[in-house]
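# What would the 3D arrangement of this be:
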Amino acid sequence: MIVAWLVMAQIATAAPLTPQDVELRHARRWPFSAYYPDQAQRMGVAGDVQARCLVNDKTRLENCELLSVTPAGRGFDDSAKRLLPDVVVDSVAKDGQPTAGRSITLTIEYRSTGLRSASSSRNPSYSVVFK
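Numbers count the residues shown, from 1 in each chain. As a prediction, this is how the structure comes out:
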């Protein structure tokens, strides 16, 4: 009982995480770019979503709160809500402490390297990365 309390106290006092503290991977092994919103792709719009989540005991993100979405109305909020539960976090952070029970604040950057158009021969490439 005392050991469990000490572990919980250690987790509770552990500093919040950032994407630099852990590796973020996709649970289903496909690229995060698959979450780029269709509407934003068609319009060639980039965006950012800042979110804060908790890492659960299975190293997945849960109870995510979107802190900001830029630009609004282009599907980035819905994309982030679908993407975040599919993220797997390292079980131990770079500080040597367990990640379970810790919060993480991150920014999801949605970027495009080009647009499809009649005048462009280049196919666009989309990236979704965490900062």
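# how about the helices of the chain, start to end?
For the chain, applying DSSP state H gives helices covering 2-13, 38-43, 76-83.
# Which strands or helices does the shortest one pack on?
Of the remaining helices and strands, none touches helix 38-43 by 3 or more Cβ pairs under 8 Å, 6 or more residues apart in numbering; DSSP states H and E. All C-beta atoms are positioned from the backbone trio N, CA, C, and that covers glycine.
# tell me which residues of that helix are tucked away?
40-41 (16 or more other Cβ atoms under 10 Å).
# List the contacts of that helix.
With contact meaning Cβ atoms under 8 Å, 6 or more residues apart in numbering, helix 38-43 is reached by 45-47, 74-76, 110, 112, 124, 126.
# Worst mean pLDDT among the helices of the chain?
Among these, helix 2-13 has the lowest mean pLDDT, at a mean of 50.
# Could you tell me which of the contacts of helix 38-43 count as buried?
With burial judged by 16+ other Cβ under 10 Å, the buried subset of the contacts of helix 38-43 is 45-47, 74-76, 110, 112, 126.
# for those, which one is nearest Leu66?
Of all the buried ones among the contacts of helix 38-43, Leu66 sits closest to Phe76, with 9.1 Å by Cβ to Cβ.
# surely the closest one meets Arg82?
No. Phe76 is beyond contact range of Arg82, at 10.9 Å (criterion: Cβ atoms under 8 Å).
# Over to the residue nearest to Glu62 when sequence neighbours are not counted: give its phi and psi.
Closest residue to Glu62 apart from its sequence neighbours, by Cβ to Cβ, 6 or more residues apart in numbering: Asn56 at 4.9 Å. When read as degrees, to the nearest 10, the backbone of Asn56 gives phi -90, psi 180.
# number of nearby residues for Asn56?
Residues near Asn56, counting by other Cβ atoms under 10 Å, number 15.
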